[in-house]
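S.K.: Build me a structure from this.
(2 chains)
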Amino acid sequence: MSTAKIPVTVLTGFLGAGKTTLLNRILAENHGQRIAVIENEFGEIGVDQDLVIDADEEVFEMNNGCICCTVRGDLIRILGNLVRRRDRFDRVVLETTGLANPGPVAQTFFVDDDVREAYALDGIVTLVDAAHVHQHLDDSEEAREQIAFADVLVLNKTDLASPERLDGLERRLRGMNAMARLQRARLADVPIAEVLGIGGFDLRRALEHKPTFLAPEYPFEWAGVYALEAGRYELRVEDGPDPAMTMVLDAARPGEADDLRRAAERLFRLFSGTAGDVRPGERLAPEPRLYELALGSTGTKRFVIEIATPGEYLLLTQHRPEEFALEVRDSRGATVAPRATREFAPEHSHEDAVGSISLEVEPALDPTRFRSWLGALLREQGTRIYRTKGFLNLADTDQRTVLQGVHMLVDTESLGPWGERPRRTQLVLIGKELDREALEAGLRRCVA
Amino acid sequence: MRGVTATADAALDEAWSIATDEYPTALAFASDGRCCAIGDAGGTVVVVDAAEGRVLARHSADAAGVLALAWQPGTRRLAVGGQSGVVALYGADGCEAETPLDGGWLERLAWQPDGRRLVAVQGRTLHQLDADGRRLASSAPQASTLTGLAFRAGGRQIVTCCYGGVAVHDAGSLAVTRRFRWNGSLIALALSPNDRVVAAGLQDATVHFWRFADGRDAQMSGYAMKPKSLAFSADSQWLATSGGPAVIVWPFDGRGPEGREPLLLPEHPAPVEWVAYAPRSAGLVSGCRAGELRLWVPPVRREPLAVKPLGHAVAGLAWGADGDDERLAVADAGGTVRGWTL
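M.R.: Here you go, the predicted structure:
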């Protein structure tokens, strides 16, 4: 009998968001894996599979009545029985009811000893109905919690919403959960690899997939595509809120001009590298390279762009152009308007009290002080902190420590030496009405 | 008498072993202790001779997997329940009756001591069947899935437990006649053979018990894990509990365990999965996740009388009594069931 833990994927989302459609896609796809399905409600369409178990949602509060200690009793029994047939399946997909709070499901994997022994929570995938989610988010605590808990957000039924609406929705979701990966879909048609085996609860694997997951989703707020002839152009920047701004100018690859998200995915890694400083009057080469514009002087600042090959060029900027009245002008001084633009800034809507906060501290932390700070934080605010993930730079070890939690429950694990990676603590908290300044100050006080 | 005593250096002799096709999920000795039924996750039930392990019958019982077995007292009739939600009765000529009960897994079965009625737990509901498998009655759904089932008061009462406490049902109407409420998830039940105490293991790593006489209750905490296996000794004086690598045994003699130290038996190398007291003697067996079986005679001896490595996690234990002989069947997660005689 194999001793490797069985991965479990939790599917959440409101009724009608497309959970069953996604489930059937997962089952139909030829991925070579045998999947046991635990269903919680009769979906829009039936699930066609040998190993389907109907669960009867039984949320158990522990004796102290704290929501952080609620677990799903039915899952403990079902998973306990299922493990006896583990030679017949490779992974479990667990579909929750539309109105379910994912907390008790996730906590079951932390709290119950038998479940922990045999299973590993691979990830929480939340389906979002692009046409109706705004209303759900406004009206329903459960909908907000489902967003907050997700490792992957599938923005489904995108054909039923305008591109502007989708962009706005995406920014709203980002604002609530900066940690999750976002996928767009029409009929829940997301690549299966984006949903299964994502290692959402395994940061080692999560990092292989997206090394900057702890940073805000995109380190730039704006992208535009310009059709440029061969010749000389200038980038004009007026006075703005910051003395410097990072940016990338690069020729668009096929398909990118029509899909700035693709361009963003290709270029965002540049933003975590070293930027070349550029002063006004200096040249910006149109190539995959990160620049930092020196904007400290007052008045109009001009940067030179020379285009050798006519075509479409991408401009990605750290801040939105209007903050600096940034524009591209041709050699006659006429403004060249971008053919298409896209904003990448997360939208922190005040109605969404749910949000993500990422904290970063370079000096090593005193382990005792850190544990007591985190313990007190989760004790006092654990009911409104949904997820905690991060890496710890602790003074008493040369190993990188990974931390992850659900509400008040936290696990840490040593990940091995830091190697080439910069030693620092990175922590992301997703929760409701979190006080960034207090959290930052608290974490800083843990520095050894 | 060949049962376990403190003076006799009893050895645990392996009498037989048999391989199951799938993970063994249920074990039960017939009331005369002469045969033992073994159910597995693939739905097969094998009946073996309890002294030699010779296969007497093989049934394809529940394609979705067997969960519960119960022999009718005084006969060779076996009730089988499983994930298909069908109660099947097997006799000398094979399957005699099949009764589908809508609503999911059948996790527990028990015969009334006189053998006239069979009760089955299906989720939140208790069903009552006659000896031919006909459904007579079903209870109202309880607060959550029932996790324990036992007959009491000579078969006039049924005791169940679930999230929220213990319920006592009238065995005829199945109506709840008494409740011991507790705000927690009860996952295992043990009724003392003298009918005085009911004890439950809880998800939150405690054991709670109630006295029938006055309803007085108490809680035992300090467990490392949820105690999912509990057993009273045949004389009702001791309650053995799992809930960590050590078996913890509470005294129920005289004034009870309140304010007293339990016996903490030397630890297994891994968490204990099962504990079971012998039907007649003071013998207690425990089996752990690392596949080690231990035989004890607490409180006379603190050290185990026998230690047997099985190679796989212990998946089930059952005792049977054949005259003066006590027989033990032990299933492991690798699919081997062994029979031992004391």
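
S.K.: List the buried residues of stretch A:419-435.
M.R.: Buried residues in stretch A:419-435, defined by neighbour count with 16 or more other Cβ atoms under 10 Å in any protein chain shown: A:Arg424, A:Thr425, A:Gln426, A:Leu427, A:Val428, A:Leu429, A:Ile430, A:Gly431, A:Lys432, A:Leu434. Quick note: C-beta positions are derived from backbone N, CA and C, even for glycine.

S.K.: I'd guessed the second one sits against A:Val361; true?
M.R.: When you say that, I think you mean A:Thr425. Yes. Contact criterion Cβ atoms under 8 Å: A:Thr425 and A:Val361 qualify, at 4.7 Å.

S.K.: anything in contact with each of those two?
M.R.: The overlap between the contact sets of A:Thr425 and A:Val361 (Cβ atoms under 8 Å, 6 or more residues apart in numbering or on different chains) consists of A:Asn393, A:Leu443.

S.K.: Give the burial count for B:Pro269, as a bare number.
M.R.: When neighbours are counted by other Cβ atoms under 10 Å in any protein chain shown, B:Pro269 registers 11.

S.K.: contacting residues around it?
M.R.: B:Pro245, B:Cys288, B:Ala290, B:Glu292.

S.K.: element containing the third one?
M.R.: According to DSSP states H and E, B:Ala290 maps onto no helix or strand at all.

S.K.: That one and B:Gly81, how far apart?
M.R.: Applying Cβ to Cβ, to the nearest Å, the value for B:Ala290 to B:Gly81 is 30 Å.

S.K.: the more surrounded of the two?
M.R.: Between B:Ala290 and B:Gly81, counted using other Cβ under 10 Å, the more crowded position is B:Gly81 (30 against 17).

S.K.: Bridged to the more buried one, which residues?
M.R.: Counting by DSSP bridges, B:Gly81 is bridged to B:Ala68.

S.K.: Not counting residues beside it along the chain, what's closest to residue 129?
M.R.: As the question left the chain open, I've gone with chain A. Leaving aside its sequence neighbours, A:Asp129 sits nearest to A:Ala17 (Cβ to Cβ, 6 or more residues apart in numbering or on different chains; 4.3 Å).

S.K.: right idea, wrong chain: chain B
M.R.: B:Leu118 is the one closest to B:Leu129 (Cβ to Cβ, 6+ apart), at 4.6 Å.

S.K.: secondary structure class for A:Val248?
M.R.: Following DSSP: H, G, I helix; E, B strand; the rest coil, A:Val248 is assigned to strand.

S.K.: tell me, how many neighbours does the closest residue to it other than its chain neighbours end up with?
M.R.: Sequence neighbours aside, A:Leu316 is the residue nearest to A:Val248 in space, at 4.6 Å (criterion: Cβ to Cβ, 6+ apart). Counted by other Cβ under 10 Å, the residues lying close to A:Leu316 total 26.

S.K.: do the same with A:Asp87
M.R.: Neighbours of A:Asp87 (other Cβ under 10 Å): 12.

S.K.: repeat for A:Thr383
M.R.: 16.

S.K.: Could you pull up phi and psi at A:Ile76?
M.R.: phi -60, psi -40 (degrees, to the nearest 10).

S.K.: so what pLDDT did the residue lying closest to it once chain neighbours are set aside get?
M.R.: Ranked by Cβ to Cβ, 6+ apart and with sequence neighbours excluded, the top spatial neighbour of A:Ile76 is A:Asp112, at 5.0 Å. In this model, A:Asp112 is scored at 89, pLDDT.

S.K.: can you tell me which residues contact A:Asp112?
M.R.: A:Val71, A:Ile76, B:Gln203, B:Lys226.

S.K.: isn't the second one right up against A:Gln107?
M.R.: Spelled out, that is A:Ile76. No. At 11.1 Å, A:Ile76 does not count as touching A:Gln107 under the criterion of Cβ under 8 Å.

S.K.: for the chain, which strand is longest?
M.R.: Using chain A here. strand A:119-129 (DSSP state E).

S.K.: hm, I was asking about chain B
M.R.: strand B:176-191.

S.K.: ok, now how distant is B:Ala213 from chain A?
M.R.: Distance check for B:Ala213 against chain A: by Cβ to the nearest Cβ, to the nearest Å, it reads 25 Å.

S.K.: got the contact list for the nearest residue to that residue once chain neighbours are set aside?
M.R.: Nearest residue to B:Ala213, sequence neighbours excluded (Cβ to Cβ, 6+ apart): B:Arg196, at 6.6 Å. Residues counted as contacts of B:Arg196 (Cβ under 8 Å, 6+ apart) are B:Arg211, B:Phe212, B:Ala213, B:Ser236.

S.K.: The first one bridge partners, please.
M.R.: Beta bridges link B:Arg211 to B:Val197, judged by DSSP bridges.

S.K.: count of residues packed around it?
M.R.: 16.

S.K.: Go ahead and confirm it touches B:Asn194.
M.R.: No. In this structure, B:Arg211 is not within contact of B:Asn194 by Cβ under 8 Å, at 11.2 Å.

S.K.: got the contact list for B:Val168?
M.R.: B:Arg152, B:Gln157, B:Ile158, B:Val159, B:Val176, B:Thr177, B:Arg178, B:Arg179.

S.K.: Could you rerun that using 10 Å?
M.R.: The contact partners of B:Val168, taken as Cβ atoms under 10 Å, 6 or more residues apart in numbering or on different chains, are B:152-153, B:157-160, B:176-180, B:198, B:210, B:212.

S.K.: And for A:Thr274?
M.R.: Here A:Thr274 is in contact with A:Leu290, A:Glu292 (Cβ under 10 Å, 6+ apart).

S.K.: A:Thr246 versus that one, what's the distance?
M.R.: 10 Å.

S.K.: got any residues that touch both of the two?
M.R.: With Cβ under 10 Å, 6+ apart, A:Thr274 and A:Thr246 have common neighbours A:Leu290, A:Glu292.

S.K.: Find out how far the helix or strand in which A:Val225 is found is from the centre of the chain, if you would.
M.R.: Element membership for A:Val225 (DSSP H and E) is strand A:222-228. The chain centroid and the centroid of strand A:222-228 are separated by 25 Å under Cα atoms, centre = their mean, to the nearest Å.

S.K.: other SSEs contacting it?
M.R.: Judged by 3 or more Cβ pairs under 10 Å, 6 or more residues apart in numbering or on different chains; DSSP states H and E, the packing partners of strand A:222-228 are strand A:244-251, helix A:260-267, strand A:301-307, strand A:311-317, strand A:327-329, strand A:335-336, strand A:340-343.

S.K.: does B:Trp340 really touch B:Ala306, like I thought?
M.R.: Yes. The pair B:Trp340 / B:Ala306 is scored as a contact, 9.2 Å apart, by Cβ atoms under 10 Å.

S.K.: Among these two, which residue is more densely surrounded?
M.R.: B:Trp340 (22 against 18).

S.K.: and the more buried one, what is it in contact with?
M.R.: Applying Cβ under 10 Å, 6+ apart, the residues near B:Trp340 are B:11-17, B:285, B:293, B:295, B:306, B:308, B:319, B:326-330.

S.K.: Secondary structure class of it, three-state.
M.R.: strand.

S.K.: Against B:Ala19, how distant is it?
M.R.: In terms of Cβ to Cβ, B:Trp340 sits 17 Å off from B:Ala19.

S.K.: got it, and A:Phe89?
M.R.: Distance from A:Phe89 to B:Ala19, by Cβ to Cβ: 22 Å.

S.K.: Can you list the residue ranges for helices in the stretch 301-448 of chain A?
M.R.: Taking DSSP state H, counting those that start in this stretch as the criterion, the stretch 301-448 of chain A carries its helices at A:367-381, A:436-444.
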